[in-house]
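sequence first, then the predicted structure:
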Amino acid sequence: MHKITLIPGDGIGPEVSNAMKMVLEASGVEIEWEEVQAGEAQIEKYGTPLPDHVIEAIKRNKIAIKGPITTPVGKGFKSVNVTLRQNLDLYVNLRPVKSFKGIESRYSDIDLVIVRENTEDLYAGIEHKIGNYGAESIKLITKPASQRIVEFAFKYAKNNKRSTVTAVHKANIMKLSDGLFLNTAREVAEHNTEINFNDLIVDAAAMNLVINPQKYDVMVMPNLYGDILSDLCAGLVGGLGIIPGANIGKDYAVFEAVHGSAPDIAGQNKANPTALIQSAIMMLRHIGEYEHADKIEAALSKVFLEGKVLTGDLGGSATTTEFAEAICKKL
Ligand code: NAI
């Protein structure tokens, strides 16, 4: 029996979390959920959107899965997601992007992985006002953080029988910060010669990913580029409702979908739960439950291939619950 922390989140979070739980239960994997709440609704009771007991629950169980949490734009509290990543030192954000047969999108045969640095860059939260005139955000890049993320990318490439790591940067303009990231990546590559290595400037990466995404394998990059390019890549294979993610550190791992809380469709039983279900598949592999993970992945693929039960974002009319039930039936 695995004990796992579940943070359902807000917006569509509770709906997709319920669907994910249904599917895992139908697979037969033995999980005891410790459910805790985070987000704006907690502020009144605890004075913070991320109460200490939530962090403690993750530390206790070591593994968590979470739904999206709304972050106020341009004001209000600091993103719960960013705080979690920093507090638990979840330095890797891993986003595999793979085409599913049966999902209509412009491309097929995409199979790439974005490895995004998760703790620094413009997300370090170092910002200040310059009087009434402006504001400044510091882009922090350090050698240790660059080194461990690139090392993770090479280790992932080796463990998953991948052939190439591409470092994405803008070192032609930000010669010191991105220059440090790129030089560190080159040093790590010198110790991992069994995996091919190349690098790409971020704007060229954006264009090439749209023109010829099939040619990319493992891509490693600082935080901001990873945030943007992973959403771009989600769009290549059917949208945000599909793509899973994992935040991984030395001691803890938090699995979550790439999408946000989708306030426009929240509470309507319309959201596509695939991204969170795929995140759960990654989680099961992380805890060694390969058989259950493979079983759920096969059931999900069958539902897509048949194309009869699809949510609205994929051109269907099924509800979140109906889609989850279709997967459970296959299981
Ligand atoms: P979003 O991902 O919530 O929505 C963008 C568009 O994609 C919307 O039209 C939405 O309906 C659609 N969409 C997203 N997920 C879907 C799903 N599973 N099924 C079907 N359609 C889906 O992004 P947005 O609107 O920029 O952000 C909303 C809120 O979510 C913000 O407060 C943002 O800060 C937060 N957010 C939280 C994240 C997290 O907790 N990990 C990640 C990204 C955003």
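Looks like it came in fine. Residues are numbered from 1 along each chain as shown.

who touches the nearest residue to Ile149 once chain neighbours are set aside in this structure?
Take Ile149 and drop its neighbours on the chain: the residue closest to it by Cβ to Cβ, 6 or more residues apart in numbering is Glu117, 4.3 Å away. In this view, the C-beta of every residue, glycine as well, is placed from N, C-alpha and C. With contact taken as Cβ atoms under 8 Å, 6 or more residues apart in numbering, Glu117 is in contact with Tyr91, Val92, Asn93, Ala145, Ser146, Ile149, Val220, Met221, Pro222, Asn223, Gly226.

out of those, list just those in strands.
Members of those lying in strands (criterion: DSSP state E): Val92, Asn93, Val220, Met221.

out of the residues you listed, which comes closest to Met22?
Comparing those against Met22 with Cβ to Cβ places Asn93 closest, at 26.5 Å.

give me the neighbour count for that closest one.
25 (other Cβ atoms under 10 Å).

that one and Val82, how far apart?
Counting by Cβ to Cβ, to the nearest Å, the gap between Asn93 and Val82 amounts to 11 Å.

with Ile114 instead?
Between Ile114 and Val82 the computed distance is 18 Å (Cβ to Cβ).

look at those two and report which has more neighbours.
Just comparing Ile114 and Val82: by other Cβ under 10 Å the higher neighbour count belongs to Ile114, 29 against 16.

check which residues of stretch 188-201 are buried.
In terms of neighbour count (16 or more other Cβ atoms under 10 Å), stretch 188-201 has its buried residues at Val188, Ala189, Asn192, Ile195, Phe197, Asp199, Leu200, Ile201.

make a markdown table out of those and add distance to Gly245 and secondary structure.
Shown next, in a markdown table, are those (distance: Cβ to Cβ, whole Å; DSSP: H, G, I helix; E, B strand; the rest coil):
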| residue | distance to Gly245 | secondary structure |
| --- | --- | --- |
| Val188 | 23 | helix |
| Ala189 | 25 | helix |
| Asn192 | 24 | coil |
| Ile195 | 23 | coil |
| Phe197 | 24 | strand |
| Asp199 | 23 | strand |
| Leu200 | 22 | strand |
| Ile201 | 24 | strand |
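
enumerate every residue touching the residue nearest in space to the middle of the chain.
By Cα atoms, centre = their mean, the mean C-alpha position of the chain lies nearest to Gly245, the distance being 2.4 Å. The contact partners of Gly245, by Cβ under 8 Å, 6+ apart, come to Asn93, Leu94, Arg95, Ser230, Phe255, Glu256, Ala257, Val258, Ala275, Ser279, Met282.

most neighbours among these, which one is it?
Neighbour-wise, those (other Cβ under 10 Å) top out at Ala257, 32 neighbours.

residue contacts, it?
So Ala257 contacts Val16, Gly67, Pro68, Leu240, Ile243, Pro244, Gly245, Ala275, Leu276, Gln278, Ser279 (Cβ under 8 Å, 6+ apart).

so what secondary structure elements neighbour the helix or strand encompassing Leu6?
Under the criterion DSSP states H and E, the helix or strand holding Leu6 is strand 2-7. Applying 3 or more Cβ pairs under 8 Å, 6 or more residues apart in numbering; DSSP states H and E, we find strand 2-7 packed against strand 31-35, helix 52-61, strand 63-66.

mind putting the ones you listed in a markdown table, mean neighbour count included?
A markdown table is the format used below for the helices and strands packed on strand 2-7 (neighbours: other Cβ atoms under 10 Å):
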| stretch | mean neighbour count |
| --- | --- |
| strand 31-35 | 15 |
| helix 52-61 | 16 |
| strand 63-66 | 24 |
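
out of these, which is closest to the ligand?
strand 63-66 (7.2 Å; Cβ to the nearest ligand atom).

report all helices and strands that that closest one contacts.
Packing contacts for strand 63-66, counted by 3+ Cβ pairs under 8 Å, 6+ apart, involve strand 2-7, helix 13-27, strand 253-256, helix 274-286.

turn these into a markdown table, columns for distance to Lys330.
Formatted as a markdown table, the entries for the helices and strands packed on strand 63-66 read as follows, by distance: least, Cβ to Cβ, whole Å:
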| stretch | distance to Lys330 |
| --- | --- |
| strand 2-7 | 23 |
| helix 13-27 | 9 |
| strand 253-256 | 22 |
| helix 274-286 | 12 |
